[in-house]
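**Student:** Predicted model follows, preceded by the sequence.
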Amino acid sequence: MKNLVIVDAHSFIYKFYFSVGKKPLITTKNEDVTILHMFITKLISIEKNYNPTHMVICFDEKGPTFRNEIYENYKANRDKSPEEINRQTPILKNLLSELGYKILSEPGYEADDFIAASSLAALKKGFEVKIFSQDKDLLQLVQDNVVVISMKKAGEGDIIYDEKQVELDWGIKPNQMVDLLSLMGDSSDNIPGVKGIGEKTALQLIQKYGNCEQLLKYLHTISSESIRNKIKDGIESLKLSRIIVDLKNSTKTIELSEKLNPEEWVLPKVKNQAGLELLKNYELKQLYEIFSGQIFEGPYEYTSIDSSNYFLVDNKEKLENLFDYLKNYEIICIDTETTGIDQDNLDILGVSFSCEENIAYYVDVRDEIFREVFFTKLKNHLINKKKFIGHNLKYDYKVLRKFGVTLEPIYFDTIIAAMLCGMEGEKLSMDDLAKKYLRYLTIHYEDVVKDKKKTLNDYPIEDVKNYSCEDADITLRLFNFYKPKIEENNFTRLFYDIEMPLLPILAEMELDGILVDKRYFEDLDKEVSDRLYKIKGEIFELAGKNFLINSPKQLAQVLFEDLKIPPVKKTKTGLSTDEQVLDTLADTGYPIAQKLVEYRKLDKLRGTYILPTLSYIKKDGRIHTNYKQAFVSTGRLSSVEPNLQNIPAFTEMGINIRRGFIAAPGYLLLSFDYSQIELRVLAYFSADKNLIKAFSDGIDIHSSTASILFKKDISQITQNERKIAKTINFGVIYGLSAFGLKQQLGISQAEAQSFITNYFANFSTIKDYINNYMNLCEQRGYADTYFGRKRYIPQLKSANKTDKDAAKRAALNTQIQGTAAEIMKKGMIDVVKVLNSTYKEEKREKVRLLLQVHDELIFEVREDLVEPVAKKIKKTLESVMQDEKNWNIPLEVNSSFGKSWDLLK
């Protein structure tokens, strides 16, 4: 049987637009093509799953329709379509047409009219009809051989509305939908219906009387006088509404259907070349490859390697020539090749250099004698203070330091430049950036090293030379691409004065690492393992059987079915056994819940902290975390392998873990913590006089806030009142709602809202700042920081209120948290300068910066130098913003010292 699919284009367009989430699909030309991609992907899914022989896609046209002639106010209240829908819809329409799909639209008609007419015409020709739409109005068309198919949530498949499904979901037959819609009206389309009759009442009336005609005939039998009067008063409106909503029996539909010939709408098996070219143009790689069966080459020509000017340096004569060449250039791109990425075990294979585009040199240093000659020359060359550039230079810096070479000065890292200048979520690998911005297809590592068990050392030197030279060459080209962008975006100070000087500091911190008491962690692991084993037995005894404790499904069965414990909450997948649920049950007094809470805490302690810590201890007994400088969109540093920033500070679990991080013999750990740095940043941007006064006078900010909120002298403020003020103070930065405050403080929603209202009444300038800044970010599409970082957030332009509100909160958080991060980075740079100046060559033996954990810096200091070093560092950190003309908020730093991390307060 012939099978026609009719697609309601606008229904899907709106569905896709509001389901985009936080990662729209953006081309290299900065065009959003998300709707194009999702719509055509859905068509492919329809073709695959429903095997249509014919297809037609129906669009609305702008402007009034014949219904406006019947009822002038039809759709008068409808909101204006989002700009992105207005922009992408005509592009989509043209793209579909060029691919060969049949498109129906005409001024004066709606897509619904063409859908109804197409269905009618197709039935006459013996087609089976499937209408794809989210619109309930089209359910009236369901009958034999006609179904309406709607998308559910992602991963849940489609719902097929045949006559039985309509009756199941709505309680009425498809041919009664017109009566229902006529009665209840539709506020979104401004269809009046009968005033005061909503969906629930309308359904009850249609279920009882069958249709509007019978309803009016037996109006006197309706028991409710109010409903009777509403219908009497609304008879004309009811009749008008029926004319507007009736698609099946409309004269216009019948006339339109007679002009249509579904036989012509054969689904093209091969898409038109013009459409394929458009897919290229809009960079819809996956769709292009599906439709064409060809590899996507992009809407432009790519270039690839020309190795004629890539030179191998493998003897002293060539090495002399290379360094003579390098002397002529101020800026040198450098790239190292190694046998792996583990600093403990890697060996260096070679170093490539590039000073001009298309020209590069690879020095093969596998021979140890030649290696010594090369590194000696490189050290001498560094005396000339060349400016070094690279991609992920921190890695190259650490590799060269292992072989006695300190790469300085660091001038430009293209991965950090790309992060600053690019869109959020952009891929930052050299290969991706080269393809996107240089139109260049690089040699990938896997193209050379085809066997994962091997390294570059196992492959021909010519291949390695070309690979490494290209890395240096392309990085130089990326430098030439990004350098003007840094200037255009006013990132000069942020990039050259903060991010680049910070890079070698982070590298040195990673190389130094922090000493770990391995025996302590091994003993702790045994203690926790023994306790877990004991608790597991107690849980099984209370449950009456053995089961997988970490299986939510099995645990729910034990708690709520076997033990008959009343469930606390339900999720989509069943009864919840999350932390909140177990805490509630434990507080209620269920012994098994109390044991489960303890089990989970210990299991997390072991799995998240103890075992990973043991696995990351290197041969020198230290852990060497990796700081990501181009990762967090606010500009904060992040720590990985392992993440030392997520170890809790004040919980018993966190203290147990921190106790195992220790100072070397003869040294102490010295901590410096910026006090309430984010609130001080808030005080600066909001210019709130209460906050500024409290900070300027050195008054406890939370007690000061509580004093204002509770209208009490600061000396009379209780600990609970200070806690409330502290929660609100910090919550403001993250857009804390009354619901969030209620949960954090364990108070009622009304109390929470009252606290927030009172807070903003007393700190009105903070409220004004938040509103004004969020509106500014919405208008321009990005958030910024004190030193000029920009974070572009696409959802600031979203028509979805939930997404937009979340984006506004993210924008506010970016300015506050990002500025605090910049102050910390500047502090690190200034401190290292002071220490280098004071202790010079002996600095590393006397004091080392080991860790940065949010607002805290941790040093390892020789015991006899703790006091003078502490004074220098504290003074430097507190004065880090004193040369900033506009900055008027004092910074305060707390310090402490001890033999282990847990002793630092």
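**Tutor:** Perfect, I can see it now. Just so you know, these numbers come straight off a predicted model, no measurement behind them. Numbering: from 1, shown residues only.

**Student:** and Phe491, how many neighbours?
**Tutor:** Phe491 has 22 neighbouring residues, counting by other C-beta atoms under 10 Å. Every C-beta, even on glycine, is put in place using the N, C-alpha and C of the backbone.

**Student:** Give the residue spans of this structure that score low on pLDDT.
**Tutor:** 19-23, 68-69, 73, 75-79, 152-157, 190, 293-302 (pLDDT under 70).

**Student:** Apply 50 and report the result again.
**Tutor:** The model of the chain has pLDDT under 50 over residues 22, 154-155, 296, 299.

**Student:** How about the residue sitting furthest away from the middle of it, nearest residue that isn't a chain neighbour?
**Tutor:** Distance to the chain centre peaks in the chain at His220, reaching 59.8 Å (criterion: C-alpha atoms, centre = their mean). Spatially, and ignoring its direct neighbours in sequence, His220 is nearest to Arg228 (7.5 Å; C-beta to C-beta, 6 or more residues apart in numbering).

**Student:** same question, Phe763
**Tutor:** Nearest in space to Phe763, with sequence neighbours left out and distances taken as C-beta to C-beta, 6+ apart, is Asp688 at 5.6 Å.

**Student:** And the protein, what are its domain boundaries?
**Tutor:** 3-269, 307-513, 514-623, 678-816 (automatic domain parsing).

**Student:** Among these, single out whichever gets nearest to Arg658.
**Tutor:** Arg658 sits nearest to domain 514-623 of all those, at 9.8 Å, using C-beta to C-beta.

**Student:** what's the span of that closest one from first residue to last?
**Tutor:** Between the opening and closing residues of domain 514-623 there is a gap of 5 Å (C-alpha to C-alpha, to the nearest Å).

**Student:** Give me the distance between the closest residue to Glu751 other than its chain neighbours and Gln749.
**Tutor:** Nearest residue to Glu751 in three dimensions, chain neighbours excluded: Lys742, at 7.4 Å (C-beta to C-beta, 6+ apart). Here the criterion is C-beta to C-beta, to the nearest Å. By it, Lys742 lies 5 Å from Gln749.

**Student:** which one of the two has more residues nearby?
**Tutor:** Comparing Lys742 with Gln749 by other C-beta under 10 Å, the one with more neighbours is Lys742, at 17 against 13.

**Student:** quick one, what contacts that one?
**Tutor:** By C-beta atoms under 8 Å, 6 or more residues apart in numbering, the contact set of Lys742 is 748-749, 751-752.

**Student:** How about Asp32: what's its closest non-neighbour residue?
**Tutor:** In space, and not counting its chain neighbours, Asp32 is closest to Pro24: 5.1 Å by C-beta to C-beta, 6+ apart.

**Student:** burial count for that neighbour?
**Tutor:** Using other C-beta under 10 Å, the number of residues around Pro24 comes to 19.

**Student:** That one and Ile35 touch, don't they?
**Tutor:** No. Judged on C-beta atoms under 8 Å, Pro24 makes no contact with Ile35 at a distance of 9.3 Å.

**Student:** Tell me where the stretch 1-150 of the chain has helices.
**Tutor:** Assigned by DSSP state H, counting those that start in this stretch, the helices in the stretch 1-150 of the chain fall at 9-17, 34-50, 66-70, 83-99, 111-124.

**Student:** Nearest to Tyr310, out of those helices?
**Tutor:** It is, among the helices of the stretch 1-150 of the chain and with distance given as C-beta to C-beta, helix 34-50, at 38.0 Å.

**Student:** Helix 83-99 and the closest one, what's the angle between them?
**Tutor:** If you take axes from the mean of the first three to the mean of the last three C-alpha atoms, to 10 degrees, helix 34-50 sits at 50 degrees to helix 83-99.

**Student:** between the domains of the chain, which gets nearest to Thr634?
**Tutor:** Among those, the nearest to Thr634 by C-beta to C-beta is domain 678-816 (4.9 Å).

**Student:** and Tyr362, bridged to which residues?
**Tutor:** Note on Tyr362: beta-bridge partners by DSSP bridges are Leu312, Ser352.

**Student:** What residues does it make contact with?
**Tutor:** Tyr362 is in contact with 310-313, 337, 350-352, 464-465, 468-469, counting by C-beta under 8 Å, 6+ apart.

**Student:** Apply 10 Å and report the result again.
**Tutor:** Contact partners of Tyr362, counting by C-beta atoms under 10 Å, 6 or more residues apart in numbering, are 310-314, 322, 335, 337, 349-354, 461-462, 464-472.

**Student:** Now a ChimeraX select for only the buried ones of the residues you listed.
**Tutor:** If you want just the buried ones from the contacts of Tyr362 in ChimeraX, going by 16 or more other C-beta atoms under 10 Å, the selection is:
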select :310,311,312,313,314,322,335,337,349,350,351,352,353,354,461,464,465,466,467,468,469,470,471,472
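
**Student:** give me the element the closest residue to Lys595 other than its chain neighbours is part of.
**Tutor:** Nearest non-adjacent residue to Lys595, counting by C-beta to C-beta, 6+ apart: Ile539, 5.0 Å away. Per DSSP states H and E, Ile539 falls inside helix 518-543.

**Student:** ok, which stretches of the stretch 551-700 of the chain are helices?
**Tutor:** Under DSSP H, counting those that start in this stretch, the stretch 551-700 of the chain gives helices at 552-556, 579-588, 591-604, 611-615, 652-658, 677-686, 689-697.
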